[in-house]
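Trainee: Sequence and predicted structure are below.
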Amino acid sequence: MSILEVKDLYKSFGKTQVLRGISFSMEQGEVLSIIGSSGSGKTTLLRCLTSLERADSGSITVNGKTVFDPAAGVKLTREEARENQLQFGMVFQQFNLFPQYSVLDNVTLARRLHAKELPDYASRKKQIIEEIETDAMYLLDRVGLAQKAKNYPCQLSGGQQQRVAIARALAMKPAILCFDEPTSALDPELTGEVLAVIRSLASQHTTMIIVTHEMNFARDVSDTVLFMDGGIVAVKGAPDYVFGEGATPRMRTFIGKMG
Amino acid sequence: MSMFWSVTLNLLEGFGMTLTLFALTLLFAIPLGLLIAFGSMSKLGKTFYRKTSGSEGKEKKPFAVYPIAALCKFFVWVIRGTPLMLQLIVIFYGPGLLGYDLLPRFTAVLIAFSINYACYFSEIFRGGIESIPKGQYEAGQVLGMTRVQTFFHVVLLQVVKRIIPPMGNEIITLVKDTSLARVISVYEIIWNAQAYIKREGLLWPLLYTAVFYLLFSGFLSLLFGYIEKKLDYFKS
Amino acid sequence: MKLTKRILAGACALLMVASSSMLFTGCSKKEGDDKEKTVADIDAVKKAGKLVVGITDYAPMDYKDENGEWTGFDAEFARMFASDLGVTAEFIEIDWDNKTFELDSGAIDCIWNGMTIVDEILNACSVSDPYINNSQVVVMKSDVVGNYADLASMTELKFAVEAGSAGESAIAETITNVTPVGTQGDALLEVASGAADACVIDATMAAAMTGEGTSYADLAAGAVLTEEEYGVAFRKGSDLCDALNKYMDKIIADGSLQALGDKYNLSVVTK
């Protein structure tokens, strides 16, 4: 069973059609990169998957459960919507760390808030918080920032902030981790450290969808590459195929432009 | 010397009223201001806009009507656009002129001040809230936080940091504005000082009130400076 | 662009005309109604158990004694009237500019504060029979006061007057250099400080506040400008007005008003 199945997704902003029938599926442990020129709809697609936008029509099925299909009258309860939200982790282009919280608190905040809903929270408060913090420190260690746990975001470089954002997303134990151009806001010399973290996640078979402009990285790290053009999936397949024989003329122009 | 002390005591008594009015106005104006701020940002009525822009929304220009926001903005316009003194007179004398029971003088002053300052505050709050990047809300959402959680645990402190300087301005203005209460005979420090002019031709008690105002606004400046410094540890 | 501006301007003008005319018709209508109607204030006052008297700090009519209690000619007079009604008098210091608001809204029941009877007051309120004869006098430094016998000799002087007072109207036609100030006390201060050469205030106040033994020892009252009378103002049509007139007849006849006048050195009406 696919972990994610997207069928015929449409989305317009006003009179501009951004997604015009997107269909694809991915498996557990798969790394899927989405490439394409600006305006091709790749960020919108990611935002529709992560519930930051609501698509107009089509369907989205996660782990066998249909979470979006207006035509079939699918409507999630508040609880289901939140459960689905947590299936997806999201790393933003602009990091969006919470500036007033330390690195550690950025990673633990959401889980501490969720923990308050546990029935045994009052009696096990100390233990629960400890667990959350241990998990967070483990994740910060994985992104190489354990020693910065007490620092504030403004004291970190862009690359370090993005690594914290990755740890923060991982803390929610998402089924699928999504990246929206994670290195686009970074100085070129800082992209490497972020890509290295994503690479290590890929090596551990973390299910990921990565919207990126880093062609070499996409080719290198992905199991599947999806080239979007004008709101549709133009080419999809293994990196060698997409960058090789499968490449359409428009894609060749695009890759040429990206260097 | 005894004259000086009796004037000081008399002015202190008036300043007690000034401070009471100041504190109670803040107490009511801040939550009310927040409410008006949320009201004027309300997107309620958007459904109406979706219906009119059609099923496909092809060529029609979107025309959004947000009645709650419009009402709040109209209210803020009226209150900010008219003198506080006029509002005091309307709120205190208005009911009586229309044949209803009068409010007690202090209550009327408190209502007028709270509403007036709530409107000024609401614009500061709105500016502060709208200046927080959308990404902060989205980050909260993807981490499974509710909108309320995101507001209180993520956005609020950043808003506070941003609005401290303009709020400091407004709040110090409020200290001095309280002297307007005397037009409907709520006796605060300026009234008490002016009584010496009327009664004995003494001007210095009025000038002396400056000391009280300066001391208190100095204290407030220090307080706001302290809060600003406390929030200096992060940038947003 | 121009057209929209013109339309906007037109709309604004219309709005203003409409709202102001509404205001005026509203007012005049109300006045008309009030003239015909008798307002049953006596019952209301008796029910409340108190007569709310609007005053200002204005010696010798209303002022505070050493204990902070209101006293003075008017304060005592008002207490006498209140006890005749079987209620107590409650004094509220008001902003003189808002006196008719205070009265019309019911915040106070009467204005009893050495108030000169002038046309504006007669239009806005029901005013009692006069109870004190007063005059407007010119006050200046005592060393020069003898040099000026009448208003004609004072045209070069700088005057301070209470804005909207009887004194202001008394000199309006003769004197050009006039500074209106907030109260009669302010006017005295202007002269004492040298900011003005002369001021016009009530003779009663001048008697109480200038000359030896007062705060303004070096000021003195000179030329007498107009004669006038003090009255008590009630809401238009209030039945309290008649009640006070009847009560006054009584205390004029039995001499107690005269006794009160003697106490404060004021010339009360005798008939």
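Mentor: Ah, there it is.
Trainee: can you give me the helices in the stretch 1-150 of chain A?
Mentor: A:42-49, A:78-87, A:103-115, A:121-142 (DSSP state H, counting those that start in this stretch).
Trainee: will you turn those into CSV that also has mean neighbour count?
Mentor: C-beta coordinates here come from the backbone N, C-alpha and C atoms, glycine included. What follows is the helices of the stretch 1-150 of chain A, written out as CSV (neighbours: other CB atoms under 10 Å in any protein chain shown):
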stretch, mean neighbour count
helix A:42-49, 24
helix A:78-87, 15
helix A:103-115, 22
helix A:121-142, 15
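Trainee: To chain B, which of those lies closest?
Mentor: Chain B sits nearest to helix A:103-115 of all the helices of the stretch 1-150 of chain A, at 3.6 Å, using CB to the nearest CB.
Trainee: tell me the angle the closest one makes with helix A:121-142.
Mentor: 140 degrees (axes from the mean of the first three to the mean of the last three CA atoms, to 10 degrees).
Trainee: Is there contact, residue-wise, from helix A:103-115 to chain B?
Mentor: Yes - interface with chain B: helix A:103-115 contributes A:109-110, A:113-114 (CB under 8 Å from any CB of the partner chain).
Trainee: Show me what that helix is packed up against.
Mentor: With contacts taken as 3 or more CB pairs under 8 Å, 6 or more residues apart in numbering or on different chains; DSSP states H and E, helix A:103-115 sits against helix A:121-142, helix A:158-171.
Trainee: can you redo the ones you listed as CSV with distance to B:Ile190 and mean pLDDT?
Mentor: Output for the helices and strands packed on helix A:103-115, formatted as CSV (distance: least, CB to CB, whole Å; pLDDT from 0 to 100):
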stretch, distance to B:Ile190, mean pLDDT
helix A:121-142, 53, 94
helix A:158-171, 53, 96
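Trainee: do you know which of those lies nearest chain C?
Mentor: helix A:158-171 (47.4 Å).
Trainee: can you give me the offset of the closest one from its chain's centre?
Mentor: Taking the mean of its C-alpha atoms, helix A:158-171 sits 12 Å from the chain's own mean (CA atoms, centre = their mean, to the nearest Å).
Trainee: So the strand or helix carrying B:Gln149, near chain A or not?
Mentor: Element membership of B:Gln149 [criterion: DSSP states H and E] is helix B:147-150. Yes - against chain A, helix B:147-150 shows contacts by CB under 8 Å from any CB at B:Gln149.
Trainee: rewinding a little: quick one: closest of the helices and strands packed on helix A:103-115 to C:Gly114.
Mentor: helix A:121-142 (71.9 Å; CB to CB).
Trainee: Dump the closest one to CSV, restricted to CA.
Mentor: Extracted in CSV, the C-alpha atoms of helix A:121-142 (Å, rounded to 0.1, in the frame of the first residue of the first chain):
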residue,chain,number,x,y,z
TYR,A,121,-0.3,14.4,32.4
ALA,A,122,-0.8,15.7,35.8
SER,A,123,0.6,12.7,37.6
ARG,A,124,3.5,12.1,35.2
LYS,A,125,4.3,15.6,34.2
LYS,A,126,7.9,15.6,35.1
GLN,A,127,8.6,12.3,33.5
ILE,A,128,6.8,13.3,30.3
ILE,A,129,8.7,16.5,29.9
GLU,A,130,11.9,14.7,30.5
GLU,A,131,11.1,12.2,27.7
ILE,A,132,10.2,15.0,25.3
GLU,A,133,13.5,16.8,26.1
THR,A,134,15.6,13.7,25.8
ASP,A,135,14.0,13.0,22.4
ALA,A,136,14.7,16.6,21.4
MET,A,137,18.3,16.5,22.4
TYR,A,138,18.7,13.3,20.4
LEU,A,139,17.3,15.0,17.3
LEU,A,140,19.4,18.1,17.9
ASP,A,141,22.4,15.8,18.1
ARG,A,142,21.4,14.2,14.8
